[in-house]
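Asker: Structure here, sequence nowhere to be found:
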């Protein structure tokens, strides 16, 4: 219950903040790139070896209005450790 009240309060505060910045310009499209990220995955049962991945991600945002935007988030990782059996035991 506390979490939902907090989320609702944060949403209302962000909406009020958007109303105060009425004079600012909002771009129609925004693009962001994360050039490098590292992924480390362990098995929950500890029966598979550790998986490591190098990759990156990025996003494209289309702002429909000043306060509403649509975001597409893309990412990819490659298994860069040699000798790993990806098919399991």
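Answerer: Received, thanks. From a predicted model like this one, the values you see are computed outputs, not experimental measurements.
Asker: Any regions of the chain where pLDDT drops low?
Answerer: 1-3, 5, 8, 10-24, 43-49, 80-89 (pLDDT under 70).
Asker: Quick check: buried residues in stretch 25-39?
Answerer: By 16 or more other C-beta atoms under 10 Å, stretch 25-39 has no buried positions at all. Yep, even glycine has a C-beta here, placed from its N, CA and C like the rest.
Asker: can you list contacts of that stretch?
Answerer: Residues outside stretch 25-39 that contact it (C-beta atoms under 8 Å, 6 or more residues apart in numbering): 51-63, 66, 69, 75, 77.
Asker: Against which helices or strands is the helix or strand that residue 52 is a member of packed?
Answerer: Counting by DSSP states H and E, the secondary-structure element that holds residue 52 is strand 51-63. Under the contact definition 3 or more C-beta pairs under 8 Å, 6 or more residues apart in numbering; DSSP states H and E, strand 51-63 sits against strand 29-41, strand 69-79.
Asker: picking up where we left off before, which PyMOL command selects the buried ones in the contacts of stretch 25-39?
Answerer: Per 16+ other C-beta under 10 Å, the buried members of those correspond to this PyMOL selection:
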select buried, resi 77
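Asker: so what's residue 70 up against?
Answerer: Neighbour list for residue 70: 61-62, 64 [criterion: C-beta under 8 Å, 6+ apart].
Asker: Please tell me how far it sits from residue 50.
Answerer: Noted for residue 70: a distance of 36 Å to residue 50, by C-beta to C-beta, to the nearest Å.
Asker: Next, count neighbours for the closest residue to residue 50 other than its chain neighbours.
Answerer: Of all residues not flanking residue 50 in the chain, residue 42 sits nearest, at 5.7 Å (C-beta to C-beta, 6 or more residues apart in numbering). Residues within reach of residue 42, counting by other C-beta atoms under 10 Å, total 10.
Asker: Fine by me, thanks again.
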